[in-house]
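K.L.:
Quick one, fold the following:
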Amino acid sequence: MGRVFVAGSINMDVVATADRHPKVGETVAGQSVHYFPGGKGANQAVAAAKLGASTALIGRLGADAFGQQLRTFLAAEGVDLTLVKDNKDIHTGTAIITVADADNTIVVVPGANAYVSTEDVAAPVLAQGDIAVSQFEIPLPTISAFFKRARAAGATTILNPAPAMACDPDLLELVDVLVLNETELGFLAITELGDDDPPARFVEAATRLQAGANTIICVTLGKRGVLALVGCEASMIAGRAVKAVDTTGAGDCFVGALAAQLAGGAAIHDALAYANAAASISVQRMGAAPSMPTDAEVSAVLRS
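P.N.:
Purely as a prediction, here's the structure:
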């Protein structure tokens, strides 16, 4: 069985709930405020670890109260933190999140995450069968260096290009599995996409990406499910009807679950179906990292 290595961000999520999102310049009354461990890297690592994969996180924390709390939480979730460093003079990454009617808006302040370096990702010893995962909340040169090492070792690379930003096509060439939502796909493909667009529109947009010839592209479409392009073949994995409470971290749950399944040797379509079920559980709970399900919970959903 392979291992999962996640190079990515670690944040404290400050979550405010309200009846609706404020308009520009408007103040609305909130209902509650919560502090949840988050950050796309941490979320994905927790998801993979809770689903049974041997998982190490590569990242940085500030030497502050949030950093200490996050270390305690991640260790308790079974994530290997050997490769997580502390920055003495930089605050821990923080996300300010508003949740209203199960949808969210997010402002991320990188803090220590901006200092995850190429030296940091040179530390792990990768091997064939391992899975290397990253996202766009750490410097892009660091991700490129990480994926180059992974490719050289025979490991599989998974990129979640979120939040969406311009990147060098050379980085996409290093990606074995690209996981993105319709917003990120629209940005990278330079086209307008909507929730209700037919699957053919997403397939057309995905073919515009300057990814590698053998890159598997997975477009997460929320309650509609997941569109997968494997080679020249497109397939749709239907979504699951659930009552969403908080969609924060759902995409990260999907990525972590996919990585865990691939590390365990699962075929890609089986891994995608499993990840889809895992994400459907996470949206029924508040918070990002704390909402990640266990393998027993996902298996129960798949059986039903």
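K.L.:
neighbours around Ala203, how many?
P.N.:
In this structure residue 203 is Val, not Ala. 15 (other Cβ atoms under 10 Å). Every residue, glycine included, has its C-beta placed from N, CA and C.
K.L.:
Wasn't it part of a helix?
P.N.:
Yes: according to DSSP: H, G, I helix; E, B strand; the rest coil, the state of Val203 is that of a helix.
K.L.:
my guess is it meets Ala234, correct?
P.N.:
Yes: Val203 is within contact range of Ala234, at 5.0 Å (criterion: Cβ atoms under 8 Å).
K.L.:
Between these two, which contacts overlap?
P.N.:
Counting by Cβ atoms under 8 Å, 6 or more residues apart in numbering, the residues touching both Val203 and Ala234 are Leu227.
K.L.:
From Ala53, how far off is Ser282?
P.N.:
16 Å (Cβ to Cβ, to the nearest Å).
K.L.:
need the strands for the protein, in chain order.
P.N.:
4-7, 11-18, 30-38, 55-62, 84-87, 93-100, 103-109, 131-135, 156-160, 177-181, 216-220, 225-230, 233-238 (DSSP state E).
K.L.:
Out of those strands, the one nearest Glu119 is which?
P.N.:
strand 84-87 (9.8 Å; Cβ to Cβ).
K.L.:
Show me what that closest one is packed up against.
P.N.:
Using 3 or more Cβ pairs under 8 Å, 6 or more residues apart in numbering; DSSP states H and E as the contact test, the elements touching strand 84-87 are strand 55-62, helix 65-76.
K.L.:
My read is that Leu174 contacts Ser144, right?
P.N.:
Yes: the pair Leu174 and Ser144 passes the contact test of Cβ under 8 Å, sitting 6.7 Å apart.
K.L.:
Turn the helices and strands packed on strand 84-87 into TSV, including mean neighbour count and mean pLDDT.
P.N.:
Conversion of those to TSV gives the following (neighbours: other Cβ atoms under 10 Å; pLDDT from 0 to 100):
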stretch	mean neighbour count	mean pLDDT
strand 55-62	26	98
helix 65-76	17	97
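K.L.:
what's the closest of these to Asn214?
P.N.:
Here strand 55-62 is closest among the helices and strands packed on strand 84-87 (Cβ to Cβ), at 25.2 Å.
K.L.:
Pick out the residue nearest the middle of this protein.
P.N.:
Asp252 (3.0 Å; Cα atoms, centre = their mean).
K.L.:
Could you check how far the closest residue to it other than its chain neighbours is from His34?
P.N.:
Among residues not flanking Asp252 along the chain, Asn43 sits closest, at 3.5 Å (Cβ to Cβ, 6 or more residues apart in numbering). Distance, Asn43 to His34, using Cβ to Cβ: 15 Å.
K.L.:
Of the two, which one has the most company?
P.N.:
It is Asn43, of Asn43 and His34, that has more neighbours when counted by other Cβ under 10 Å, with 34 against 15.
K.L.:
I'd guessed the more buried one sits against Ser282; true?
P.N.:
No: between Asn43 and Ser282 there is no contact under Cβ under 8 Å: 9.1 Å.
K.L.:
list the residues that contact both of the two?
P.N.:
249, 253, 292.
K.L.:
Which of those fall in helices?
P.N.:
Cys253 (DSSP state H).
K.L.:
how about JSON lines for the shared contacts of Asn43 and Ser282, with neighbour count, distance to Val28 and pLDDT added?
P.N.:
Shown next, in JSON lines, are those (neighbours: other Cβ atoms under 10 Å; distance: Cβ to Cβ, whole Å; pLDDT from 0 to 100):
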{"residue": "Gly249", "neighbour count": "32", "distance to Val28": "23", "pLDDT": "86"}
{"residue": "Cys253", "neighbour count": "30", "distance to Val28": "28", "pLDDT": "96"}
{"residue": "Met292", "neighbour count": "28", "distance to Val28": "29", "pLDDT": "94"}
